[in-house]
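Asks: with the sequence up front, the predicted model follows.
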Amino acid sequence: MDIDSEHINLSSKAVNETASSMQMDSEGSSSAKGKEKVDIAKSIEKLNIEEPSSEFKRKPVIIIVVGMAGSGKTTLMHRLVSHTQASNLRGYVMNLDPAVMTLPFGANIDIRDTVRYKEVMKQFNLGPNGGILTSLNLFATKFDEVISVIEKRADQLDYVLVDTPGQIEIFTWSASGAIITEAFASTFPTVIAYVVDTPRSESPNTFMSNMLYACSILYKTRLPLVVAFNKTDVAQHQFALEWMEDFEIFNAALDSDQSYPSTLTRSLSLALEEFYKNLRAVGVSAVSGAGMDAFFKAVEASAEEYMETYKADLDKRRLEKQRLEEDRRRENMDKLRKEMEKSRGETVVLNTGLKDRDASTKTMMDDEDIEEEGEDEDEDFETFSGEEDGIDEDEDEEIANFSF
Ligand SMILES: Nc1nc2c(ncn2[C@@H]2O[C@H](COP(=O)(O)OP(=O)(O)OP(=O)(O)O)[C@@H](O)[C@H]2O)c(=O)[nH]1
């Protein structure tokens, strides 16, 4: 394996700047607030799934490891790293858990090198989960830099293994989690590995909770999902495969339990039949190393599926976005042309409708108003004149104002 031993301290200066501007914000500085908003907006713009900054690459495959607290994500990550090293697969390792004390593997990119979770907790007066979430938010604002680091090494890598915070919802249900996932998925084939604690899922109701969570992640991320039934050294995962394949067997397991949750679980298992059919499930043991080959096979198949189905969907969404943008531009131009024809050389202020403020009062403006408008540094408005940049009081005949 070709893992760089280097630890990338990802523009901690830039992230710290964002953090300190957020701190100033909490102290009541409105200018800092404005700057921070602009920073975050710019970063999010760059990460926009619909408009990736660069070309889509077939390699490396990104494996995002998620799972309930204690399911064995970090131990499995360690195992995956050792397996890739032993199998001559070229991997890159990323840790996105800011609260982890020690990692059993070396991470090439570690959120802890960039954001200090305890400092974030102190500065913003947050609890542990708020601290983790805010740290992840800060990191997400600079995630375009992470993507470019990986892009630069793309030719030398087969996999990027990503460990996520212990509290699953912090990653799967947060805006930053979505930004990070989408940033990956718009540049590389991306697969979610959902880790399940097999011994704890032997109860049908717990198994159902886990499957519902897996299903919600599939819907949320729209990415291929591999369910890794972990800890098979303690309990084999065969029962889970049977439950997913045959509704009757699952029903039989529920028979001894007549409580309300089990009645609900019974009907849910029918509803999940379609989900089970398209799911890749493998048994692994992070401790013994069993099931690693099956896991990587499932990941490869999912990456293929990504290229066939998910990438196509992504491209479709991107085209649709472009089409809408084109329509909007054409509409604006038509509107501008009509307004100019109507005004017959008088001053025209066009409002494209996205920000309709003051539309009625600004439809017609005299020269003085326009001069004031120019002095007012409102970024939402761009002033176009038929002449130079500045507005000549005597000469300005036609002026069109666009607001976006
Ligand atoms: N027997 C057995 N134990 C395991 C296996 N994988 C993990 N464990 C144990 O499960 C516990 C939790 O493992 P972690 O890797 O810390 O789990 P995690 O999901 O990363 O935990 P958080 O990050 O705190 O949510 C530890 O005691 C591990 O030793 C496995 O395959 N077999």
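Replies: Perfect, I can see it now. Numbering: from 1, shown residues only.
Asks: what helix or strand is the residue in the stretch 301-404 of the chain that the ligand sits nearest to on?
Replies: Scanning the stretch 301-404 of the chain for the residue nearest the ligand gives S302, at 20.7 Å (criterion: Cβ to the nearest ligand atom). Using the backbone N, CA and C atoms, a C-beta is placed for each residue, glycine as well. Element membership of S302 [criterion: DSSP states H and E] is helix 292-305.
Asks: and if you look at A193?
Replies: Secondary structure assignment for A193, by DSSP H and E: strand 190-197.
Asks: where does the stretch 1-150 of the chain have low pLDDT?
Replies: 1-57 (pLDDT under 70).
Asks: tell me where it has strands.
Replies: Listed from the start of the chain, the stretch 1-150 of the chain has strands (DSSP state E, counting those that start in this stretch) covering 61-67, 91-95, 109-110.
Asks: just give me the neighbour total for M101.
Replies: By other Cβ atoms under 10 Å, the residues close to M101 number 6.
Asks: what average pLDDT does stretch 267-285 get?
Replies: The average pLDDT within stretch 267-285 is 90.
Asks: ugh, wrong one, stretch 175-195
Replies: Model confidence over stretch 175-195, given as mean pLDDT, is 92.
Asks: how about that stretch: buried residues?
Replies: 176-195 (16 or more other Cβ atoms under 10 Å).
Asks: before we move on, the earlier item: kindly calculate the angle that the strand holding A193 makes with helix 292-305.
Replies: For strand 190-197 against helix 292-305, the angle by axes from the mean of the first three to the mean of the last three Cα atoms, to 10 degrees is 140 degrees.
Asks: after strand 190-197 comes which helix or strand?
Replies: The helix or strand immediately downstream of strand 190-197 is helix 204-221, counting by DSSP H and E.
Asks: and that following helix, what does it pack onto?
Replies: With contacts taken as 3 or more Cβ pairs under 8 Å, 6 or more residues apart in numbering; DSSP states H and E, helix 204-221 sits against helix 168-172, helix 175-185, strand 190-197, strand 225-230, helix 238-245, helix 247-254, helix 260-271, helix 273-277.
Asks: in CSV: those, plus distance to the ligand.
Replies: Rendered in CSV, the data for the helices and strands packed on helix 204-221 read as follows (distance: least, Cβ to the nearest ligand atom, whole Å):
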stretch, distance to the ligand
helix 168-172, 8
helix 175-185, 15
strand 190-197, 7
strand 225-230, 5
helix 238-245, 15
helix 247-254, 23
helix 260-271, 24
helix 273-277, 23
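Asks: which bits of the stretch 251-400 of the chain sit near the ligand?
Replies: By Cβ under 6 Å from any ligand atom, the part of the stretch 251-400 of the chain that sits against the ligand consists of 285-287.
Asks: shaky segments in the stretch 201-350 of the chain?
Replies: Low-confidence segments of the stretch 201-350 of the chain, defined by pLDDT under 70: 258, 344-350.
Asks: list the contacts for M121?
Replies: When contacts are counted by Cβ atoms under 8 Å, 6 or more residues apart in numbering, M121 touches 127-128, 130-131.
Asks: so it versus the ligand, what's the distance?
Replies: Between M121 and the ligand the computed distance is 17 Å (Cβ to the nearest ligand atom, to the nearest Å).
Asks: contacts for stretch 68-80, please.
Replies: Where contact means Cβ under 8 Å, 6+ apart, the residues beyond stretch 68-80 that reach it are 63, 65-67, 91, 93, 97, 100, 103-105, 161, 163-164, 166-168, 193, 195-197, 210, 213, 228, 230-231, 284, 286-287, 289, 292, 295.
Asks: switch the cut-off to 6 Å
Replies: Stretch 68-80 is contacted from outside by 65, 67, 104-105, 161, 163, 166, 168, 195, 197, 230, 286, 289, using Cβ atoms under 6 Å, 6 or more residues apart in numbering.
Asks: quick one: buried ones out of these?
Replies: The neighbour-count test (16+ other Cβ under 10 Å) marks 65, 67, 105, 161, 163, 166, 168, 195, 197, 230, 286 as buried among these.
Asks: and which of those is nearest to I217?
Replies: I168 (8.5 Å; Cβ to Cβ).
Asks: the top helix by length along the chain vs helix 292-305, what angle?
Replies: Secondary structure of the chain per DSSP state H: the longest helix is helix 311-343. With the same axes, to 10 degrees applied, the angle from helix 311-343 to helix 292-305 works out at 30 degrees.
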